[in-house]
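> Predicted model and sequence follow; I will ask about them next.
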Amino acid sequence: MSIFTWNLISTGSLRDLLVHPPAVWQWHRQRRSKDPCVLSAKFSATSFLQSKMKLNKIFSDQIPALSEKEEDLLHQVKNIRTTPRDNRFPSQNQALHCWNRYNEWLVCLKQTGDDDEKCQAYRQYSLSICPGNWIENWDEAREENRFMGVKK
Amino acid sequence: MSIEKIFFFCDAPELAQLRLQDPSTTTMEGLLEFNKHLLFVITIIVMLVGWLLFATISNFDEFNSQESQSFFHSNALEIVWTSLPALTLLSLASPSFTLLYSMDEISTPEISVKVIGHQWFWSYEISDFDTMATCMDSDKTLKYTCYLLTEESISEKNYLGFFRLLETNKRVLLPSNTHLRLLVTSVDVLHSWTIPSFGVKVDACPGRLNQVNVFLKRIGMFFGQCSEICGVNHGFMPIALLVVPSIQYHYFVVSKLF
């Protein structure tokens, strides 16, 4: 048995040809279209054509014209990159990476004297990589003076 | 194969399917090829061993041969039956390791998607645009909470073609053809986030942030289900993603946040 025929069999195409001759497909399709619990019932020939026409329309529609401000925003959004990889944290568990980024932001605030503008990049890095509720918990802990990381 | 099967069953499970779902990432394509290679090799091995066993038992039972055989050593035979399995294992190990290391390739992700498992739903956060988005409206965030869409909550006319136990009220939008970084965690118990079509299955452990890199090659709807027992509704917290072309994704972000 060659790998080629195994590929055909394992993808099911040859199996389908052997098991379901065309007359059986027709019977199956009619029978399944009456059964509300079957997935493919929605996709009869007419609805398939309609959805194909809809897809064509989506992809051939004109891209909407944007105002200058929106163009600028789009350009910024395209160029945003998330927190880069840190070679000190190569493994799958990035919890320490997230903790490190958050503390880096705190160190930046400490060094610049609470300047939010200058430390915005660090803040963004920590927001990107840390889950929202971790950030919220740590922000709360800092306000209540029970934060375990970089102190003021 | 009917047209429906080719175009519409790509990324949701089929009834009584025997094969894996169609791949949409490079990882899954590799997994599929490796799976086919592996199945071929083990079929050969099973047929060979079964044949030998059958031949030995049927030809050498007490009614066929009264005396025991008189040969005890054969260096050539021992060399053959040691080296053939070793070579077979080499042929299995080689694609396995290349696939494993290709999954760990270093890539610079464009966006990070945080996937947070709760009992019993998934929530997603994309916070890369938070410092850009100055408006603090509650609906102008890329944080989704996706609950299972039950049959009672959709009208009768939409019931045909409904993916039972797979659809959610909101679908996460992701861009295709860029490197993405998924960070999966949980707030309460262990869950597991999986999309069979991506070849991704990541455990969501509280206190851990598991990272997985994906590169989506196709657009469309992709479904998955929670894969780590997490309580009563473990079977009712599905994952539904909508992958769109990158351009469309950027337009979506601009329209959603600004």
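Received the coordinates, thanks.

> Show me how the record splits chain A into domains.
Annotated domains of chain A cover A:5-58, A:77-143 [automatic domain parsing].

> Comparing the ones you listed, which yields the minimum mean pLDDT?
Note on the domains of chain A: domain A:5-58 shows the lowest mean pLDDT, a mean of 51.

> how about the helices in chain A?
Counting by DSSP state H, chain A has helices at residues A:3-11, A:13-19, A:22-33, A:45-60, A:68-79, A:95-112, A:120-129, A:132-143.

> residues contacting the nearest residue to residue B:226 once chain neighbours are set aside?
Closest residue in space to residue B:226, ignoring its immediate chain neighbours: residue B:237 at 4.6 Å, by CB to CB, 6 or more residues apart in numbering or on different chains. For the C-beta atoms, the positions are set from N, CA and C on the backbone; glycine is no exception. By CB atoms under 8 Å, 6 or more residues apart in numbering or on different chains, the contact list for residue B:237 reads B:117, B:120-122, B:148, B:191, B:225-226, B:230.

> which of these tops the neighbour count?
residue B:191 (31 neighbours; other CB atoms under 10 Å in any protein chain shown).

> wait, what's in contact with it?
Taking CB under 8 Å, 6+ apart, one finds B:117, B:122, B:203-204, B:226-228, B:230, B:237 in contact with residue B:191.

> give me that answer again for 7 Å
Contacts for residue B:191 (CB atoms under 7 Å, 6 or more residues apart in numbering or on different chains) come out as B:117, B:204, B:226, B:228, B:230.

> so what's it scoring on pLDDT?
pLDDT at residue B:191 comes out at 96.

> same question, residue B:144
On the pLDDT scale, residue B:144 is placed at 88.

> Ramachandran coordinates for it?
Here is the backbone geometry of residue B:144 (degrees, to the nearest 10): phi -120, psi 150.

> got the contact list for it?
Taking CB under 7 Å, 6+ apart, we find residue B:144 in contact with B:123-124, B:170, B:172.

> tell me which of those is nearest to chain A?
residue B:123 (8.9 Å; CB to the nearest CB).

> helices or strands next to the helix or strand hosting the closest one in the packing?
Taking DSSP states H and E as the definition, one finds residue B:123 inside strand B:121-125. Counting contacts by 3 or more CB pairs under 7 Å, 6 or more residues apart in numbering or on different chains; DSSP states H and E, strand B:121-125 packs against strand B:111-118, strand B:143-146.

> Please compute how far the first one lies from its chain's middle.
The chain centroid and the centroid of strand B:111-118 are separated by 17 Å, computed with CA atoms, centre = their mean, to the nearest Å.

> strands paired with that strand, and their directions?
strand B:121-125 (antiparallel), strand B:179-186 (parallel) (DSSP bridges).

> after the last one comes which helix or strand?
Helices and strands here follow DSSP H and E; after strand B:179-186, the next one along the chain is strand B:191-195.

> Report the angle between that following strand and strand B:111-118.
Orientation of strand B:191-195 against strand B:111-118 (axes from the mean of the first three to the mean of the last three CA atoms, to 10 degrees) gives an angle of 130 degrees.

> can you list the domains in chain B?
Listed by the TED database, the domain ranges of chain B are B:26-104, B:108-257.

> end to end, how far does the shortest one reach?
Right, domain B:26-104. 12 Å (CA to CA, to the nearest Å).

> what's the answer for the longest one, then?
The separation between the terminal residues of domain B:108-257, taken as CA to CA, is 24 Å.

> mind listing what residue A:136 touches?
Contacts of residue A:136 by CB under 7 Å, 6+ apart: none found.

> hmm, back to that, so which residues make contact with the strand holding residue B:123?
A:131-132, B:113-116, B:142-147, B:172, B:193, B:237, B:239.

> which stretches of the stretch 51-200 of chain B have low pLDDT?
B:66-68, B:134-139, B:157-161 (pLDDT under 70).

> That one against chain A: which residues are in contact?
Residues of the stretch 51-200 of chain B lying near chain A by CB under 7 Å from any CB of the partner chain: B:106, B:108-112, B:114, B:116, B:125, B:127-132, B:143, B:159-161, B:163, B:181, B:183, B:185, B:187.

> Residue B:55: what secondary structure?
helix (DSSP: H, G, I helix; E, B strand; the rest coil).

> Please report the number of neighbouring residues for it.
Residues contacting residue B:55 under the criterion other CB under 10 Å number 10.

> where's it relative to residue B:64, distance?
11 Å (CB to CB, to the nearest Å).

> ok, now residue B:209?
Taken as CB to CB, the span from residue B:209 to residue B:64 is 65 Å.

> which one of these two has more residues nearby?
Shown here are residue B:209 and residue B:64; by other CB under 10 Å, residue B:209 has more neighbours (24 against 8).

> quick one, what contacts that one?
Counted by CB under 7 Å, 6+ apart, residue B:209 has contacts A:93-95, A:98, B:183, B:185.

> cool, and residue A:83?
Residues in contact with residue A:83 (CB under 7 Å, 6+ apart) are A:101, A:125, A:128-129, B:112.

> what pLDDT does residue B:215 get?
Here the pLDDT value assigned to residue B:215 is 94.

> and if you look at residue B:218?
87.

> who's in contact with the closest residue to it other than its chain neighbours?
Nearest residue to residue B:218, sequence neighbours excluded (CB to CB, 6+ apart): residue B:24, at 4.2 Å. For residue B:24, the contacting residues are B:11, B:197-198, B:216-218, B:222, by CB under 7 Å, 6+ apart.

> go again using 6 Å as the cut-off
Contacts for residue B:24 (CB atoms under 6 Å, 6 or more residues apart in numbering or on different chains) come out as B:197, B:216-218.

> I'd like those residues written out as CSV, with distance to residue B:98, neighbour count and secondary structure added.
Formatted as CSV, the contacts of residue B:24 follow (distance: CB to CB, whole Å; neighbours: other CB atoms under 10 Å in any protein chain shown; DSSP: H, G, I helix; E, B strand; the rest coil):
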residue, distance to residue B:98, neighbour count, secondary structure
B:197, 22, 26, helix
B:216, 21, 24, strand
B:217, 19, 15, coil
B:218, 23, 15, coil
